[in-house]
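**Student:** Next come a sequence and a model predicted from it.
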Amino acid sequence: MDFNEIRQLLATIAQTDIAEVTLKSDDFELTVRKAVSFSNQAPLGQATVSGVVSSGLTSVSPPGNQLPDANRVAENAGASAPVNAPSPIEQRWVQVQSPMVGTFYRAPAPGEAPFVEVGDRVKAGQTVCIIEAMKLMNEIEAEVSGQVMEILVQNGEPVEYGQPLMRINPD
(Lines give C-alpha, C1' and ligand atoms only; values in the text may rest on other atoms or scores of the structure.)
Protein backbone atom coordinates (compact mmCIF):
# COMPACT_ATOMS: atom_id res chain seq x y z
CA MET A 1 0.00 0.00 0.00
CA ASP A 2 1.57 3.31 -1.06
CA PHE A 3 1.17 6.78 0.48
CA ASN A 4 -1.54 7.91 -1.98
CA GLU A 5 -3.64 4.81 -1.22
CA ILE A 6 -3.29 5.51 2.51
CA ARG A 7 -4.27 9.16 1.97
CA GLN A 8 -7.36 8.09 -0.01
CA LEU A 9 -8.25 5.60 2.72
CA LEU A 10 -7.99 8.30 5.42
CA ALA A 11 -10.13 10.70 3.38
CA THR A 12 -12.76 8.01 2.86
CA ILE A 13 -12.82 7.05 6.54
CA ALA A 14 -13.15 10.73 7.49
CA GLN A 15 -16.44 10.86 5.58
CA THR A 16 -17.95 7.87 7.41
CA ASP A 17 -19.04 6.96 10.92
CA ILE A 18 -16.32 4.31 11.18
CA ALA A 19 -14.51 4.67 14.52
CA GLU A 20 -11.65 2.23 13.92
CA VAL A 21 -10.11 0.32 11.01
CA THR A 22 -7.23 -2.17 11.00
CA LEU A 23 -5.58 -3.39 7.81
CA LYS A 24 -3.06 -6.24 7.91
CA SER A 25 -0.86 -7.70 5.24
CA ASP A 26 2.41 -9.61 5.15
CA ASP A 27 4.41 -6.36 5.01
CA PHE A 28 2.61 -4.06 7.44
CA GLU A 29 -0.27 -3.42 9.82
CA LEU A 30 -2.19 -0.14 9.84
CA THR A 31 -4.72 0.87 12.50
CA VAL A 32 -6.70 4.10 12.23
CA ARG A 33 -8.82 5.32 15.15
CA LYS A 34 -10.95 8.43 15.35
CA ALA A 35 -10.35 10.34 18.57
CA VAL A 36 -12.95 13.01 19.29
CA SER A 37 -12.79 15.56 22.10
CA PHE A 38 -14.83 18.68 22.69
CA SER A 39 -13.32 21.91 23.97
CA ASN A 40 -15.19 24.22 26.33
CA GLN A 41 -13.80 27.12 24.31
CA ALA A 42 -15.63 26.12 21.11
CA PRO A 43 -18.53 28.40 20.19
CA LEU A 44 -21.99 26.97 20.78
CA GLY A 45 -23.04 24.84 17.82
CA GLN A 46 -19.49 24.01 16.74
CA ALA A 47 -17.40 20.97 17.54
CA THR A 48 -13.68 20.80 18.15
CA VAL A 49 -12.30 17.53 16.85
CA SER A 50 -8.85 16.10 17.42
CA GLY A 51 -7.14 12.94 16.29
CA VAL A 52 -6.08 11.32 13.04
CA VAL A 53 -9.49 11.45 11.38
CA SER A 54 -12.50 13.54 12.31
CA SER A 55 -16.19 13.20 11.74
CA GLY A 56 -18.93 15.74 11.19
CA LEU A 57 -20.12 16.12 14.78
CA THR A 58 -21.84 19.10 16.32
CA SER A 59 -22.26 19.82 19.99
CA VAL A 60 -25.70 20.26 21.47
CA SER A 61 -26.40 23.27 23.67
CA PRO A 62 -28.39 22.79 26.86
CA PRO A 63 -32.14 23.57 26.66
CA GLY A 64 -32.87 27.24 27.20
CA ASN A 65 -29.43 28.33 25.96
CA GLN A 66 -30.06 27.79 22.28
CA LEU A 67 -28.96 30.48 19.89
CA PRO A 68 -31.43 31.87 17.33
CA ASP A 69 -31.23 30.51 13.79
CA ALA A 70 -28.76 32.65 11.79
CA ASN A 71 -31.15 32.89 8.83
CA ARG A 72 -33.99 34.23 11.03
CA VAL A 73 -31.62 36.78 12.57
CA ALA A 74 -30.67 37.98 9.07
CA GLU A 75 -34.33 38.14 8.01
CA ASN A 76 -35.33 40.07 11.14
CA ALA A 77 -32.51 42.54 10.59
CA GLY A 78 -33.68 43.07 7.02
CA ALA A 79 -30.40 41.77 5.60
CA SER A 80 -30.62 40.34 2.10
CA ALA A 81 -27.03 39.05 1.92
CA PRO A 82 -25.96 35.86 3.72
CA VAL A 83 -24.41 36.28 7.16
CA ASN A 84 -20.58 36.63 6.97
CA ALA A 85 -20.59 36.83 3.15
CA PRO A 86 -17.07 37.39 1.81
CA SER A 87 -16.37 40.77 0.26
CA PRO A 88 -15.63 40.94 -3.49
CA ILE A 89 -11.95 41.37 -2.65
CA GLU A 90 -11.92 38.26 -0.44
CA GLN A 91 -13.65 36.27 -3.19
CA ARG A 92 -10.58 36.85 -5.36
CA TRP A 93 -8.26 35.34 -2.76
CA VAL A 94 -6.96 31.84 -3.39
CA GLN A 95 -7.13 29.37 -0.51
CA VAL A 96 -4.26 27.04 0.27
CA GLN A 97 -6.05 23.87 1.35
CA SER A 98 -4.77 20.87 3.24
CA PRO A 99 -4.28 17.93 0.85
CA MET A 100 -4.44 15.48 3.76
CA VAL A 101 -5.35 14.88 7.38
CA GLY A 102 -2.47 15.75 9.71
CA THR A 103 -0.85 18.38 11.92
CA PHE A 104 -0.18 21.91 10.60
CA TYR A 105 3.25 23.47 11.18
CA ARG A 106 4.22 27.00 10.11
CA ALA A 107 8.00 26.46 10.45
CA PRO A 108 10.44 23.79 9.23
CA ALA A 109 11.44 22.95 12.83
CA PRO A 110 10.63 24.10 16.37
CA GLY A 111 12.33 27.41 17.17
CA GLU A 112 12.86 28.33 13.52
CA ALA A 113 11.21 31.19 11.67
CA PRO A 114 7.86 30.45 9.97
CA PHE A 115 7.82 29.80 6.23
CA VAL A 116 5.48 32.80 5.72
CA GLU A 117 3.78 35.55 7.73
CA VAL A 118 0.67 37.57 6.92
CA GLY A 119 1.72 40.24 4.41
CA ASP A 120 4.60 38.23 2.92
CA ARG A 121 4.80 37.84 -0.84
CA VAL A 122 5.04 34.26 -2.12
CA LYS A 123 5.77 32.71 -5.48
CA ALA A 124 3.95 29.76 -7.01
CA GLY A 125 5.68 26.58 -5.83
CA GLN A 126 7.10 28.19 -2.68
CA THR A 127 6.71 26.16 0.53
CA VAL A 128 4.24 27.92 2.85
CA CYS A 129 3.80 25.28 5.61
CA ILE A 130 4.20 21.62 6.55
CA ILE A 131 1.54 19.00 7.26
CA GLU A 132 2.75 16.08 9.34
CA ALA A 133 0.88 12.89 8.53
CA MET A 134 1.92 9.50 9.85
CA LYS A 135 5.33 10.85 10.93
CA LEU A 136 5.99 12.16 7.41
CA MET A 137 6.60 15.89 6.91
CA ASN A 138 4.81 17.05 3.75
CA GLU A 139 5.72 20.48 2.39
CA ILE A 140 2.69 22.41 1.17
CA GLU A 141 3.37 24.84 -1.67
CA ALA A 142 1.55 27.95 -2.84
CA GLU A 143 -0.32 27.35 -6.09
CA VAL A 144 -0.21 31.04 -7.05
CA SER A 145 2.10 33.99 -6.62
CA GLY A 146 0.77 36.78 -4.46
CA GLN A 147 0.51 38.17 -0.94
CA VAL A 148 -0.43 36.10 2.13
CA MET A 149 -3.59 37.76 3.48
CA GLU A 150 -4.68 35.33 6.24
CA ILE A 151 -3.30 32.32 8.05
CA LEU A 152 -6.34 30.38 9.25
CA VAL A 153 -4.74 27.63 11.37
CA GLN A 154 -2.59 27.85 14.49
CA ASN A 155 0.78 26.12 14.64
CA GLY A 156 0.46 22.51 15.85
CA GLU A 157 -3.30 22.25 15.22
CA PRO A 158 -4.79 19.16 13.58
CA VAL A 159 -6.20 19.77 10.10
CA GLU A 160 -8.59 17.86 7.89
CA TYR A 161 -8.49 17.02 4.20
CA GLY A 162 -9.57 20.08 2.19
CA GLN A 163 -9.47 22.45 5.19
CA PRO A 164 -8.39 26.01 4.26
CA LEU A 165 -4.96 26.78 5.76
CA MET A 166 -4.33 30.29 4.44
CA ARG A 167 -5.52 32.77 1.84
CA ILE A 168 -3.38 34.43 -0.81
CA ASN A 169 -4.29 37.52 -2.84
CA PRO A 170 -2.95 36.52 -6.27
CA ASP A 171 -0.84 38.91 -8.38
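**Tutor:** Structure received. Numbers count the residues shown, from 1 in each chain.

**Student:** alpha carbons only for contacts and neighbour counts from here, please
**Tutor:** Will do.

**Student:** Helix or strand with the lowest mean pLDDT in this protein?
**Tutor:** With mean pLDDT, DSSP states H and E as the measure, the helix or strand of the chain carrying the lowest mean pLDDT is helix 70-76 (a mean of 43).

**Student:** List the buried residues in stretch 124-135.
**Tutor:** The neighbour-count criterion (16 or more other Cα atoms under 10 Å) identifies 126-133 as the buried residues of stretch 124-135.

**Student:** scratch that, stretch 10-22
**Tutor:** For stretch 10-22, burial by neighbour count (16+ other Cα under 10 Å) applies to 10-11, 13-14.

**Student:** Ok, stretch 161-171 next?
**Tutor:** Residues 161, 163-170 are the ones in stretch 161-171 that count as buried (16+ other Cα under 10 Å).

**Student:** out of the residues you listed, which are inside strands?
**Tutor:** Among the buried residues of stretch 161-171, the residues falling in strands (DSSP state E) are 164-170.

**Student:** Give me the contacts around stretch 151-170.
**Tutor:** 11, 50-54, 92-106, 117-118, 144-150 (Cα atoms under 8 Å, 6 or more residues apart in numbering).

**Student:** sorry, back to before: could I get the ones in strands among the buried residues of stretch 161-171 as CSV with distance to Ile6?
**Tutor:** As requested, those are arranged in CSV below (distance: Cα to Cα, whole Å):
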residue, distance to Ile6
Pro164, 21
Leu165, 22
Met166, 25
Arg167, 27
Ile168, 29
Asn169, 32
Pro170, 32
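
**Student:** need those in a markdown table with pLDDT, can you?
**Tutor:** Below are these laid out as a markdown table (pLDDT from 0 to 100):
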| residue | pLDDT |
| --- | --- |
| Pro164 | 94 |
| Leu165 | 94 |
| Met166 | 93 |
| Arg167 | 93 |
| Ile168 | 92 |
| Asn169 | 92 |
| Pro170 | 90 |
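
**Student:** Among the residues you listed, which one lies nearest to Glu20?
**Tutor:** Ranked by distance to Glu20 (Cα to Cα), these are led by Pro164 at 25.9 Å.

**Student:** on that earlier part again, from the contacts of stretch 151-170, list just the buried residues.
**Tutor:** Buried residues within the contacts of stretch 151-170, counting neighbours by 16+ other Cα under 10 Å: 11, 50-54, 93-106, 144-150.
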